[in-house]
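Participant: Next come a sequence and a model predicted from it.
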Amino acid sequence: MKRLALTNFSLRFPWVILLVVVAMVVGFGSQFPKVKFDNDPENMLSPSEPVRVFHDRIKEHFNLYDFVIVGIVNDANPYGVFNVETLTRIDQLTHQLLSLRPGVDGMPEVIASTGSGNYTSLDLHPSGRFARALNVVFRHDPTHLFNEEGGSAIIGRELIGPSVVDNIKQAEFGSLKLEYLMEHPPTTQAEALVIRDDAMANPLYKGTLVAEDGKAICLYIPIEKKTYSYNVANLVRELTKGWGDENKVYITGLPVAEDTFGVEMLKQMATSAPLAGVAIFLLLLLFFRRVSLIIAPMLVAVVSVVCTMGLLIGLGFKVHIMSSMIAIFLMPIAVADAVHILSEFFDAYRQFNDKRETLRHVVGHLFMPMLYTSLTTIAGFASLATTPIPPVRVFGLHVAFGVALAWLLTMTFVPAFICLFISNKSLHKLCALTGHEEQCEIRNGLLDRFLRALGGVTYRRARLIIGVAVAVMVISIVGVARIQVNDNPVKWFTKSHPVREADRVLNNHFGGTYTAYLTLHADPNSTMTGRDMAEAIRARARVRFSADESPALGRFLHEVDALEQKLSDMDTCSPASCFAQLAEAAKRIDGKAMSGWEVLADEINYLDPEGLTHAALVATVTGLDALDTVGRERYLTDLQAYSALTGTVLMEEALALCDGYMEHSFESFVTVMTTEMTAPAFKRPILLNYVEALQHHLDGIAVVGKTSSAVDALKKAAYELQYVALPVELTPEEYAILQARNAAFFAVPDEAAAVGQVYIQLEGMKKRDSLFHLVTKDYQEANIWVQLTSGDNRDMQAVVDETARYMAAHPPPLKLEVGWAGLTYLNVVWQEKMVRGMFSSLVSSFVVVLAMMMVLFRSPLFGLLAMAPLSLTILFIYGLIGWVGKDYDMPVAVLSSLTLGLSVDFAIHFLQRAREEHKRHGSWQKACVPMFSEPAMAISRNAITISVGFTPLLLAPLLPYRTVGFFLATIMAVSWMATLLVLPALLTLLRRFVFGTGENDTPIDEGGAQ
Amino acid sequence: MMMKPMALLLASGLLLGAGVKAPAADETDANTIVERANKASYYAGKDGRAQVKMTLSDGRTREFVILRANADEGMEQKFYVYFMAPADVRKMAYLVHKRPGGLDDRWLFLPALNLVKRIAPGDKRTSFVGSDFLYEDVSGRGLEEDTHELIESSATQYVLKNTPKDSGSVKFLSYTVWIDKETFLPRKAEYLDKNGTLYRRVVATKVETIEGHPTVLETYAEDLVSGSKTVNSFSEVSYDLGLKDGLFTERFLRRPPREVTR
């Protein structure tokens, strides 16, 4: 028999097989030291994925970095964190972080205290021996805080903290002070409160840098690469370890969560996979009683895992969260085939009383079902290669490889092993051990009796079983419809994990530690047409120039019409030269009179205000040639009103008169309008007001804690610049009026030039370029920093949808390209891809497996029957997820392929045997009895092994592992029930169609009176 | 002190004015060099004017005119900076009354808001209109704020190392200045951060003699950490214009003097 070729070879040359296996283990195992880890969920998307490219571009454009967020919370002090001690500590921490450098020995060192030149070396290695050992094994170096040039992992100049962010505030004599928010740590409580009030008065800091309740401060530590975040968090912990109970330090941010997950994932791999192995081993021991017997399936599992991981590492793939689960997925599958062989081996041994013969019989018997179960499992996992997510593709293909290898080992290594290491004597002894003399079969009495009873029930209560199954399916389908697709890397940790706790505490105090960037890009060439510009100029001119100037206004408007013509034909002139031409024309319209005022104002300005008299002014005016007679007369008449004044006051009035006349200059109007029309998008008040309204709308979304933009910085600066100090003695009414006038300055200025002049103050702050995180240097692109209190993808998605809805309902005044970036948003994108990818891969593998089943059984009906248990299981599992309200996240998505692979195995074994037994016994009713003996036993053993074998996963500190552990157990239980209850019930009901003639006359007792 | 960046920014010659034409025998005392250079730089020439084109490495530009006048007595100086471009900051103006050893007075005029605002004396190490030059580069660092040490004397240059007396108040550990022996113009200044790494450099790249005064016509400042760089080109430099003290007042902030508009 061809199907025995492999096994025959192994039985003939068992040592060769053994040597080959050892060689493989050594070969693949030798790749292990090359292992590299990748904890970055960003890599769930391929680097060329448009959203990632965009994200990287935005980060570069706006100089954005990934942050380690350190929150310092003080609930005990009545002033929260704003007390001398806490602020001093924060200041010291900030300066220590900024001073981080490699010492002469390469070890990290920081200054001992603020302003000190003395550096102290830090020991960042964990104190526990186990933790140290793990770091060695996984080659994690906690002192890795410097790039190759020895530069710090921390981008010092971009650090955000009270000691290093700008503050604009009013100072003595109505002057403006520019300094750091905490220029020096306070020495008195009053000084601490000044810092608090300053921070609270800055919209960029309130809710971001300082908590609105005053109980917390956040430092945002920008890091060069996300992979430094775990070590930076560790460094912060080291620097703050003596801070006492009052000042609690919390560290969070997606990079920390992701990096911490990666590090803990390694520990997880080092503990739970082996524990699962031990559990499986113990269960097999319980079933088969002899260590020597179960070593073979255990070795199959270990060899498959080692070779698969070796292959992965050898091919240069990094171990990602997905691939870290390969061992856990592979082990049950690898063990399954061997368990079938062992189960049947002992059943058959008494017939042959010879190991080789028994093996030939068993393999001959199981070859097709095992080949097919493996092929279907391979198909299930290989179908993951069709998903658009690289780590999932790698995972799927490697598990598929592992399954194929496990099959090959079962066919070759298991027989060779039994042949070499298990003596006939021990097998005989085993038969004696069971206590059944006539039958050398290892079975558990209780389970055996239960299964036999079950067999009867499936026959007698077939309709009931099918009825229940249909009901379960209907309920499950409703559950599936309720599934919430959602993920959040922070929620991969258990609730009590420090990362999760920090996330909870800080999101409670602040506007949110999850960041997304809403970017608005205005194309300079498509923002405003010549027609728009001309229209705007005409409208403003009609307001500015009154009716009594109508002849001049008419001439001017005529010039504007000409401008519109020229602008719409770009070949004639560029906007700049068009406007220059308009300015020339405006100057002509203004005429000599207007230039005369300018000369006059200049003359007056140069007079000595000291002792200036009306008479002296009149003399100046009279002697000035630049004025014509009409103008001179007009000015002297108007000046008459101030004849009683002298000195500076008189000069100011005289100049104000000139200014009043010059208000009517078309030329200066054109100058203003030129700036207005040619200003870059994000210097135009109309667009800035739109951004303000958009932010206001976003702030209304529950999950959005806060938004920040250049508009916030602009408004704050405009307010402080224009603020007028209030005189000491004021009536309440006067006070209210002046306060209201000051409050009105907290707004976007009315003119583009004013916006530009305020911005240039911000450009020149102490912390340079911080404005340019929010707007590009050409002011064509703005970035709204959206802080969310939740990193759930579904919440992020809701914000994206709501923004799109708002912008559709309220179109921006200039054409804008809208884009989202930020880690929180990236997670949404890859998850959406994954859900869709997983669904299509599930559908495609379902079709492939169905086709395989039809070929295997050479019967479409059998093919469909084989799919029944797995369909029920998948529906049930996802229905359960829907009903329980568990989010459909990454581990859950991957489970679909596992379900497909494992559930169909049971069905294949069951149906194959059912056919054989039917042939042997002639009727399904009779065949049913042996079916619930050995075959049901093998299936049950597998189900129990896998379910129980993965219970160690339930103790894992990382939730994705727990999810996998729980659902593996559930999948096994449901598949087991579906195979041993629903499948026989279906066979009973459909026996006439399934087995053909001779199956028509056996009645089913629905009453169960038998 | 003089060799400060200020020297370099406005070294346009406005400040450094007349270089010392005939160098005396080599100086060996750092303080003497510093003082001599300082005196030669700031207090030669009664006043000056220059037009500056500032180009930032990202392509942004600013064009402005600087007027500078020395007080008749003492060390005080006054500066008037008037912006001509870009369009949105046209007519914006700064006024600085520099008081060596004391606190400078600073005013700002924003024409579009018709606003004169006084800037409280404070940290002078803030960026000058978003460039890589600092206000300190404009108004200078007090001679007495650092200790000076002559570390090298080549055929053409003195090299001085300057260490701040109060290290807490500045970002740098120390800085080194290369001073031309003939003109006493600083040609280069390099700043070390607290870890001893070079992070900032100011260089005078073009020097010509104008109206008898060796004058820096091009200078740049670069931030070696962020990689940004600002180049200042000086033109229409002239000295001894007879600028009146009255020009350096708030009234002329609002209405620029002829000396800058023409």
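Facilitator: Happy to help now that I have it.

Participant: So which residues on the stretch 151-262 of chain B come close to chain A?
Facilitator: By CB under 8 Å from any CB of the partner chain, the part of the stretch 151-262 of chain B that sits against chain A consists of B:Ser167, B:Gly168, B:Lys194, B:Asn195, B:Val225, B:Ser226, B:Gly246, B:Arg251, B:Phe252, B:Arg255, B:Pro257, B:Arg258. Yep, even glycine has a C-beta here, placed from its N, CA and C like the rest.

Participant: And B:Arg141, how close does it get to chain A?
Facilitator: The gap separating B:Arg141 from chain A is 16 Å, by CB to the nearest CB, to the nearest Å.

Participant: most surrounded residue in the residues of the stretch 151-262 of chain B next to chain A?
Facilitator: Within those, most neighbours by other CB atoms under 10 Å in any protein chain shown means B:Pro257, with 24 neighbours.

Participant: Quick check: nearest residue in space to that one, chain neighbours excluded?
Facilitator: Distance criterion CB to CB, 6 or more residues apart in numbering or on different chains; nearest residue to B:Pro257, sequence neighbours excluded, is B:Leu247 at 4.7 Å.

Participant: can you map out the strands along the stretch 1-150 of chain B?
Facilitator: Ranges of strands within the stretch 1-150 of chain B are B:47-56, B:61-70, B:77-85, B:93-98, B:105-110, B:115-119, B:146-153, based on DSSP state E, counting those that start in this stretch.

Participant: number of nearby residues for the residue nearest to A:Ser163 when sequence neighbours are not counted?
Facilitator: Leaving aside its sequence neighbours, A:Ser163 sits nearest to A:Thr94 (CB to CB, 6+ apart; 4.4 Å). A:Thr94 sits with 23 neighbouring residues when counted by other CB under 10 Å.

Participant: tell me the contacts of A:Thr94?
Facilitator: Applying CB atoms under 8 Å, 6 or more residues apart in numbering or on different chains to A:Thr94 gives the contacts A:Leu159, A:Gly161, A:Pro162, A:Ser163, A:Val164, A:Leu219.

Participant: Correct me if wrong: the first one contacts A:Leu219.
Facilitator: Yes. Taking CB atoms under 8 Å as the definition, A:Leu159 is a contact partner of A:Leu219 at 7.1 Å.

Participant: Could you check which of these two has the larger neighbour count?
Facilitator: The neighbour count for A:Leu159 versus A:Leu219, taken as other CB under 10 Å, is higher for A:Leu219 (24 against 20).

Participant: Which neighbouring elements make contact with the helix or strand encompassing that one?
Facilitator: In this assignment (DSSP states H and E), A:Leu219 forms part of strand A:216-223. Helices and strands touching strand A:216-223, by 3 or more CB pairs under 8 Å, 6 or more residues apart in numbering or on different chains; DSSP states H and E, are strand A:66-73, helix A:84-98, helix A:229-239, helix A:498-509.

Participant: Can you lay out those as TSV showing distance to A:Ser595 and mean pLDDT?
Facilitator: Output for these, formatted as TSV (distance: least, CB to CB, whole Å; pLDDT from 0 to 100):
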stretch	distance to A:Ser595	mean pLDDT
strand A:66-73	57	92
helix A:84-98	56	93
helix A:229-239	64	91
helix A:498-509	62	88
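
Participant: Which positions within stretch A:457-477 qualify as buried?
Facilitator: Using 16 or more other CB atoms under 10 Å in any protein chain shown as the test for burial, stretch A:457-477 gives A:457-462, A:465-466, A:469, A:472-473, A:475-476.

Participant: can you give me the offset of it from its chain's centre?
Facilitator: The chain centre lies 41 Å from the centre of stretch A:457-477; the measure is CA atoms, centre = their mean, to the nearest Å.

Participant: same question for that stretch, mean pLDDT?
Facilitator: Average pLDDT, stretch A:457-477: 88.

Participant: Please apply the same query to stretch A:319-337.
Facilitator: Mean pLDDT, stretch A:319-337: 82.

Participant: So which bits of it are buried?
Facilitator: Neighbour counts using 16+ other CB under 10 Å place A:319-337 of stretch A:319-337 among the buried residues.

Participant: Please apply the same query to stretch A:935-954.
Facilitator: Within stretch A:935-954, the residues that count as buried by 16+ other CB under 10 Å are A:935-950, A:952-953.

Participant: Next: stretch A:642-649.
Facilitator: For stretch A:642-649, burial by neighbour count (16+ other CB under 10 Å) applies to A:Tyr642, A:Leu645, A:Thr646.

Participant: just stretch A:414-422 next, same as before
Facilitator: A:Val414, A:Pro415, A:Ala416, A:Phe417, A:Ile418, A:Cys419, A:Ile422.

Participant: Quick one: end-to-end distance for stretch A:885-895.
Facilitator: Distance between the boundary residues of stretch A:885-895 (CA to CA, to the nearest Å) amounts to 17 Å.

Participant: starting at the chain centroid, how far to it?
Facilitator: Distance of stretch A:885-895 from the chain centroid (CA atoms, centre = their mean) equals 15 Å.

Participant: Just the residues contacting it, thanks.
Facilitator: By CB under 8 Å, 6+ apart, the surrounding residues in contact with stretch A:885-895 are A:321-322, A:325, A:384, A:392, A:395, A:482-487, A:491, A:792, A:794, A:831, A:834-835, A:838, A:877-878, A:880-881, A:960-961, A:963-964, A:967-968, A:971.

Participant: Pull the number of nearby residues for the residue nearest to B:Pro257.
Facilitator: B:Leu247: 22 neighbours (other CB under 10 Å).

Participant: where do the contact lists of A:Leu159 and A:Leu219 overlap?
Facilitator: Residues touching both A:Leu159 and A:Leu219 by CB under 8 Å, 6+ apart: A:Thr94, A:Leu97.

Participant: pretty sure A:Gln695 belongs to a strand, no?
Facilitator: No. If the criterion is DSSP: H, G, I helix; E, B strand; the rest coil, then A:Gln695 is helix and not within a strand.

Participant: Scan chain B for its longest strand.
Facilitator: In chain B, taking DSSP state E as the definition, the longest strand is strand B:198-210.

Participant: Does anything pack onto it? Which helices or strands?
Facilitator: helix B:5-9, strand B:172-180, strand B:186-193, strand B:213-223, strand B:229-239.

Participant: Now do that strand: distance to the chain's middle.
Facilitator: Chain-centre distance of strand B:198-210: 11 Å, with CA atoms, centre = their mean.

Participant: Give me the sheet partners of that strand and which way each runs.
Facilitator: Strand B:198-210 sits in its sheet next to strand B:186-193 (antiparallel), strand B:213-223 (antiparallel), going by DSSP bridges.

Participant: out of the ones you listed, which comes closest to A:Ile760?
Facilitator: With CB to CB, the closest approach to A:Ile760 among the strands paired with strand B:198-210 belongs to strand B:213-223: 17.7 Å.
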